[in-house]
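> For reference, the sequence and a predicted model appear below.
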Amino acid sequence: MKLLSPTKENLQTAAKAIKSGLLVAFPTETVYGLGADGFNPTAVAKIFEVKRRPEFQSLSLMLPDKSYIKEVAELDNKKAIYLIEKFLPGPLTLVLPKKKSVPDIVTGGKATVGIRIPENRIALNLLHLAGIPVAAPSANLYGKLSPTSAEHVAEQFGESVDFIIDGGETRLGLESTIIEVVNNKFTLLRNGGIPVEEIEKAIDEKIIPAQTKSAKKNPALNKIKTAFIDKVNLDNIEREKTGLLLFTEKNIYGNFAVVKSLSGKGNLEEAAVNLFAALRSFEKEDIDLLLFEKIPQKGLGRAIMDRLRKITG
Ligand code: TXA
Ligand code: MG
């Protein structure tokens, strides 16, 4: 890990690092973020790995300016457009329907994506130099507080991030407010830097907090039943109507209608990158049941298992 002062040359180095798939922590006006190329699934997988997240959470994309929004999200709601005009750059993350360009691993398989334009000169310079959407959660380990200084980031990550840009203490020390706008409905997902009252005033509308809405089920694999292979009696299933998702290429379970593997050689990072596409691909198959082989529960394997458990219910 290299701690960099925010000079122009250093920001250029950091921007190049992001574009080549490395991880860079940098200051924003709220807290420090841990950034990776938002269009590079392998780089994004590394974020989950170094944060030691036991699950795939949706990450927001940080954008250099408003012109990038249309590259990653659908924006047709007039009030949402007004919020962007009024509050961005600033501590507001808007969750909008995502475009195809955004990899599933960024959104945790969700159909929406969070967008954020930070109000911090160092962050904006870095984003402009990189010229791409940067997937960036807060730069803390899972379960730890969001860092407000470069030292906090360095203490938590040590060598597991490539660069940390030292911009001193962050101005707010509180994360951004998150508002979801889907089907013209505004929902508060997190309180943060901009009071929700200010946002309500701007759009002249009450915003419902997320807790009062019923939890949405992940629509993936709706019609296909799923189970872990070690939980079923293989003598009782119809193999020609069953799919199997293996961890590696090694199949000790025999023939099935479709057999796929997440990573031929058993690389957890590659498995994480392939997970969502693999799950989606089974939806197109003529099967009633999909079996999962268990994944080793270490590193990114925990997040993969968490997702598979959520699907099997
Ligand atoms: O101020 C901030 O927002 C900081 C700085 C670094 O930008 N970032 C931050 O990121 O707090 P993170 O990943 O620690 O928290 C973002 C929250 C997460 O709880 C995530 O689940 C939620 O935003 N989120 C992101 N995209 C979402 C989506 N498409 N749908 C629902 N929730 C989303
Ligand atoms: Mg966080």
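Everything's here; your move. Ligands and ions are numbered 1, 2, ... in the order given.
> measure Gly131 to Lys225 for me?
45 Å (C-beta to C-beta, to the nearest Å). Placement of C-beta: from N, CA and C, glycine included.
> Equivalent analysis for Val258, please.
Distance from Val258 to Lys225, by C-beta to C-beta: 15 Å.
> Same question for Ala25.
42 Å.
> Would you map the helices across the stretch 201-313 of the chain?
Remark: helices assigned in the stretch 201-313 of the chain by DSSP state H, counting those that start in this stretch are 268-283, 300-312.
> Could you pull up the mean pLDDT of the shortest one?
So that's helix 300-312. For helix 300-312, mean pLDDT rounds to 88.
> And that helix, what's buried?
Going by neighbour count (16 or more other C-beta atoms under 10 Å), the buried part of helix 300-312 is Leu300, Gly301, Arg302, Ala303, Ile304, Met305, Asp306, Arg307, Leu308, Ile311.
> Which of those sits closest to Ile287?
Ile311 (14.4 Å; C-beta to C-beta).
> wait, doesn't the closest one sit right on Lys225?
No: if you go by C-beta atoms under 8 Å, Ile311 and Lys225 don't touch, sitting 10.3 Å apart.
> quick one: low-confidence ranges for this structure?
Where the chain drops to pLDDT under 70, the residues are 212-220, 222.
> Report how many residues lie close to the residue nearest to Gly131 when sequence neighbours are not counted.
Distances taken as C-beta to C-beta, 6 or more residues apart in numbering place Pro64 nearest to Gly131, at 6.8 Å, with adjacent residues excluded. Pro64: 21 surrounding residues under other C-beta atoms under 10 Å.
> quick revisit: near ligand 1 too, which of the buried residues of helix 300-312?
Among the buried residues of helix 300-312, no residue is within reach of ligand 1 (C-beta under 6 Å from any ligand atom).
> wait, which of the residues you listed is closest to Pro91?
Relative to Pro91, and with distances defined as C-beta to C-beta, the nearest of the buried residues of helix 300-312 is Ala303, at 27.3 Å.
> Who are the contact partners of that closest one?
Contacts for Ala303 (C-beta atoms under 8 Å, 6 or more residues apart in numbering) come out as Phe48, Arg53, Pro54, Glu55, Phe56, Ala272.
> Mind doing that once more with 6 Å?
Ala303 makes contacts with Phe48, Arg53, Pro54, Glu55, Phe56, as judged by C-beta atoms under 6 Å, 6 or more residues apart in numbering.
> Assign a three-state SS to the last one, would you?
Yep, that's Phe56 we're talking about. With DSSP: H, G, I helix; E, B strand; the rest coil as the basis, Phe56 sits in coil.
> Just give the closest residue to it, not the sequence neighbours.
Per C-beta to C-beta, 6+ apart, closest to Phe56 is Gly108, 4.3 Å.
> ok, that neighbour to ligand 1 distance?
Using C-beta to the nearest ligand atom, to the nearest Å, Gly108 is found at 8 Å from ligand 1.
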